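no sequence for this one, just the structure:
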């Protein structure tokens, strides 16, 4: 197995002293190239904290992250990893097309224009590509963020609650992009409450109150029980 993402004793606490609150208990896991992983759990279970530490956006309290063998948060790790947030942010003065060009060129994509056109067409934003994403609705902002995540190359894709606010066409387009991700050999980790998505993955990870409650095949457990009753 070629490991794309490795978490070793990863833990996170917020606050200090007597007010310290654990958000993620020590967690060790490895994700292989091409593996599709769903991360489930109730709100506050540690899903977003885990993804942000893996993406290098949040410093762990202990343990470490390796992305394709490179330390998490390092330039090499950031180049290999893409992160799709549940609350995407955009520059106030850049159109969607300008965002796409900026991200693509930052990651050395020479033929970005064709790729960008394909992506905006897939998610249904061709008629808004010259508009400012900051003016978009919640659902359109999510679609714009999807195009930015996929316009650049990556070996690991981390995604936090991507289906919120998407219409049925947007969900279908995103699922196609996820399928293409694993076909190309990139690792995919998706934190989600969309339980139907769990049936499409190779591996299910469930968190509850910052602790690992399940790590295995999705068909071998009651997902509703893991999400709503742990």
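Noted; the coordinates are in hand. The model shown is predicted, which means the values in this text are computed figures rather than measured ones.

may I have the predicted confidence score for the residue most central in space within the chain?
With distances taken as Cα atoms, centre = their mean, the residue of the chain nearest its centroid is residue 159 (1.5 Å). Residue 159 is assigned a pLDDT of 97 by the prediction.

how close does it sit to residue 22?
From residue 159 over to residue 22 the distance is 24 Å, taken as Cβ to Cβ, to the nearest Å. From N, CA and C alone the C-beta is placed, and that goes for glycine too.

list the beta-bridge partners for the residue nearest to the centre of the chain.
Each beta-bridge partner of residue 159 is listed here, defined by DSSP bridges: residue 84, residue 190.

go ahead and confirm it touches residue 194.
No - under the criterion of Cβ atoms under 8 Å, residue 159 makes no contact with residue 194, lying 11.0 Å away.

tell me which stretches of this structure form helices.
Across the chain, reading from the start of the chain, the helices by DSSP state H fall at 47-54, 75-80, 96-106, 112-123, 138-150, 168-183, 223-228.

name the residues of stretch 139-150 that are buried.
140-150 (16 or more other Cβ atoms under 10 Å).

tell me the contacts of residue 205?
Applying Cβ atoms under 8 Å, 6 or more residues apart in numbering to residue 205 gives the contacts 29, 37-40, 212, 214-215.

now, which of the residues you listed sits nearest residue 186?
Taking Cβ to Cβ as the measure, residue 37 is the one of the contacts of residue 205 closest to residue 186, at 11.7 Å.

from residue 71, how far out is the closest one?
Taking Cβ to Cβ as the criterion, residue 37 is separated from residue 71 by 21 Å.

in terms of neighbours, single out the busier of these two.
Legend: neighbour count by other Cβ atoms under 10 Å for residue 37 and residue 71, higher for residue 37 (21 against 13).

how close does residue 16 sit to residue 64?
With the distance defined as Cβ to Cβ, residue 16 ends up 22 Å from residue 64.

name the residue in the two with the higher neighbour count.
Under the neighbour definition other Cβ under 10 Å, residue 16 and residue 64 were set side by side, and residue 64 has more, 14 against 8.
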